[in-house]
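# Return a 3D structure for these sequence lines:
(one chain, ligands or ions: 1)
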Amino acid sequence: MILKNGLVLIENRIEPLDIEILQGKISRIGKNLIGPEEIDISGKYVAPGAIDPHTHFNIDVGVLSCDDFESGSIAAACGGTTTIIDHPGFGPSGCSLMYMPEKYLKYGERSYIDYGLHGVAQEFNINTYGELRALKSMGINSFKVYLTYTYKQDDKSLLEFFALAKELNMVVAVHCENHEAIEHLRNRFKRENKLSPIYHSYSRPGDVEAEGISRVVRLAKVVEYDKLYLVHVSSKEALREISILRKDGCKFFVETCTQYLYLDNRNYLLEDGVKYILSPPLREREDIKILWEGIKKGEIDTIGTDHCSFYLEDKNRGKEDFTLCPNGIPGVEERNLILFSEVLNGKLSVEKYINLVALNSAKIFKMDGQKGSIEVGKDGDLVVFTPENWTLTDDMVHSKCGYSVFNGKRLSCRVDKTILRGKIIVDEGCFVGQNPEGRFIKGEN
Ligand SMILES: [Zn+2]
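Modelled structure (predicted):
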């Protein structure tokens with residue numbers, strides 16, 4: 001296959017070029033390429049297939065999320081995402097670190113796009129070292145620890161996990177929110193009967209996140225571990241902390257998510273405010289401004305989605321009491337459409353866009369030998385965008401939940417084609433994948 005005359009995003013520029021894909025790999029990039037199957041895409045843009053480093057397909061949080069690897073990967077593909085790295089939920093108490101990833105490898109057989117997996121830490125114990133090694137030999141280079149929820153880690157366990165991750169050269173992803181502070185506020189709001197959706201955001205203020213970040217990053221520094229990955233950073237307090245920590249010589253990676261760059265907590269006051277309940281919560285307009293400044297300054301490495309979708313009827317369990325609402329929102333499809341629109345609008349440079357939606361995730365999670373940019377020898381994972389102004393609506397998204405938290409957003413592009421290892425799986429904006437041919441991508445060593 002040769003894509004002819006596309007406007008190709010390479011490094012820091014957009015250049016009219018042809019791209020040839022042979023046997024799933026990009027084989028040539030140049031001008032006037034000739035071959036048997038030529039597709040003319042004049043006037044359209046070609047970007048690397050996006051990588052979403054943070055999704056939750058098939059997750060069970062007491063309520064089952066509505067997107068599995070099938071519907072989730074179709075939604076991702078329709079937004080030009082060709083690889084996701086999924087975070088499995090917690091397994092049964094006492095299960096090994098391989099238990100959930102093994103289960104998810106089965107789920108992944110239904111994926112239409114490529115996928116990697118993160119591990120998930122529960123209890124630190126005598127078996128942990130061996131299990132982390134086993135995880136790594138499965139091709140999983142990262143695992144997540146939580147500072148809140150059932151399997152929150154205390155400082156002692158965090159230090160142990162970081163020390164082992166250092167030895168095994170693994171990435172530790174951390175959900176940073178101070179558990180006790182959240183519990184304190186939730187209990188107070190319960191006592192005062194303040195249970196409408198806005199109190200969800202008041203129960204998890206930015207200080208709760210900033211405290212968690214400061215603690216884990218400094219603990220990591222104590223054991224000279226420099227591969228921490230802070231998931232879904234959302235607040236101005238966190239960003240300020242991050243810049244101080246970096247000045248103090250701490251090394252770590254920072255992820256934010258699309259919703260924190262566009263949506264604020266006024267959404268919780270809407271009639272359907274319960275739809276927007278996720279953790280960390282949506283913040284103020286000021287936080288959005290600070291996050292974009294963080295992107296400009298290079299403080300943020302990746303933009304993921306934390307896609308964790310629920311049917312509205314399940315979200316509505318929290319309508320009268322936010323503590324009963326399953327946390328999470330959809331977004332795996334919208335992210336790349338929104339962010340490539342920002343390239344066309346001049347808000348994001350080509351280089352930043354490629355780094356934030358694809359290349360940095362590939363590098364951090366060690367799949368950049370195959371993924372993340374348009375280069376000869378890498379997988380033929382591409383997205384072809386048509387420039388066009390339109391308004392996103394609920395009925396256009398492919399998540400089974402049937403709504404978008406970005407309903408009404410103006411966009412400047414549409415996905416024309418999504419190509420996974422040389423196969424067209426979205427064509428003229430329609431999903432055309434025949435079989436779930438997504439592969440499990442092992443992290444390189
Ligand atoms: Zn998450």
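
# C-alpha from now on. contacts and neighbour counts both.
OK.

# Heading C-terminal from the host helix or strand of Leu9, find the next helix or strand.
Assigned by DSSP states H and E, Leu9 belongs to strand 2-10. The helix or strand immediately downstream of strand 2-10 is strand 13-22, counting by DSSP H and E.

# can you count the residues close to Ala103?
Quick fix: residue 103 reads Lys, not Ala. Using other C-alpha atoms under 10 Å, Lys103 has 12 other residues around it.

# where exactly do the helices run in the chain?
Taking DSSP state H as the test, the helices found in the chain are 69-78, 99-108, 128-137, 155-168, 179-191, 197-202, 206-222, 236-247, 258-262, 285-297, 312-315, 334-345, 350-354, 360-364.

# which of those is buried the deepest?
Mean neighbours per residue, mean count of other C-alpha atoms under 10 Å, is largest over the helices of the chain for helix 69-78, with a mean of 27.

# Work out the gap between stretch 342-361 and the centre of the chain.
15 Å (C-alpha atoms, centre = their mean, to the nearest Å).

# Then stretch 276-290?
On C-alpha atoms, centre = their mean, the centre of stretch 276-290 falls 16 Å from the chain's centre.

# So what touches that stretch?
177, 197, 200-201, 204, 209, 232-236, 239, 259-268, 322, 325-329, 405 (C-alpha atoms under 8 Å, 6 or more residues apart in numbering).

# now the end-to-end length of that stretch.
21 Å (C-alpha to C-alpha, to the nearest Å).

# What's the mean pLDDT across it?
Stretch 276-290 carries an average pLDDT of 98.

# where in the stretch 301-445 of the chain is pLDDT low?
In the predicted model of the stretch 301-445 of the chain, no residue satisfies pLDDT under 70.

# what do you get if the cut-off is 80, keeping everything else the same?
445 (pLDDT under 80).

# Would you state the strands of the stretch 251-400 of the chain in chain order?
Using DSSP state E, counting those that start in this stretch, the strands of the stretch 251-400 of the chain run over 252-257, 302-304, 382-391.

# before we move on, the earlier item: I'd like to know which of the helices of the chain is closest to Ser399.
The minimum distance between Ser399 and the helices of the chain falls on helix 69-78, with 5.6 Å, by C-alpha to C-alpha.

# got the CA coordinates for the closest one in PDB?
C-alpha atoms of helix 69-78 as PDB (Å, rounded to 0.1, in the frame of the first residue of the first chain):
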ATOM      1  CA  PHE A  69     -11.900  -4.700  24.400                       C
ATOM      2  CA  GLU A  70     -14.200  -5.000  21.400                       C
ATOM      3  CA  SER A  71     -16.300  -1.900  21.700                       C
ATOM      4  CA  GLY A  72     -13.500   0.000  23.300                       C
ATOM      5  CA  SER A  73     -11.000  -0.800  20.600                       C
ATOM      6  CA  ILE A  74     -13.600   0.100  17.900                       C
ATOM      7  CA  ALA A  75     -14.200   3.500  19.600                       C
ATOM      8  CA  ALA A  76     -10.400   4.000  19.800                       C
ATOM      9  CA  ALA A  77      -9.900   3.100  16.200                       C
ATOM     10  CA  CYS A  78     -12.700   5.500  15.100                       C
END
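
# Just want the angle from it to helix 99-108.
70 degrees (axes from the mean of the first three to the mean of the last three C-alpha atoms, to 10 degrees).

# which outside residues touch helix 69-78?
Counting by C-alpha under 8 Å, 6+ apart, 57-58, 82, 107-108, 110-113, 332-333, 397-400, 415, 418, 425-426, 429-431, 436 sit against helix 69-78.

# 6 Å - rerun?
Applying C-alpha atoms under 6 Å, 6 or more residues apart in numbering, the contact partners of helix 69-78 are 57, 108, 110-113, 332-333, 398-399.

# I'd like the residues you listed written out as JSON lines, with distance to Arg13 added.
Formatted as JSON lines, the contacts of helix 69-78 follow (distance: C-alpha to C-alpha, whole Å):
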{"residue": "Phe57", "distance to Arg13": "34"}
{"residue": "Gly108", "distance to Arg13": "35"}
{"residue": "Arg110", "distance to Arg13": "36"}
{"residue": "Ser111", "distance to Arg13": "32"}
{"residue": "Tyr112", "distance to Arg13": "30"}
{"residue": "Ile113", "distance to Arg13": "27"}
{"residue": "Val332", "distance to Arg13": "26"}
{"residue": "Glu333", "distance to Arg13": "25"}
{"residue": "His398", "distance to Arg13": "31"}
{"residue": "Ser399", "distance to Arg13": "32"}
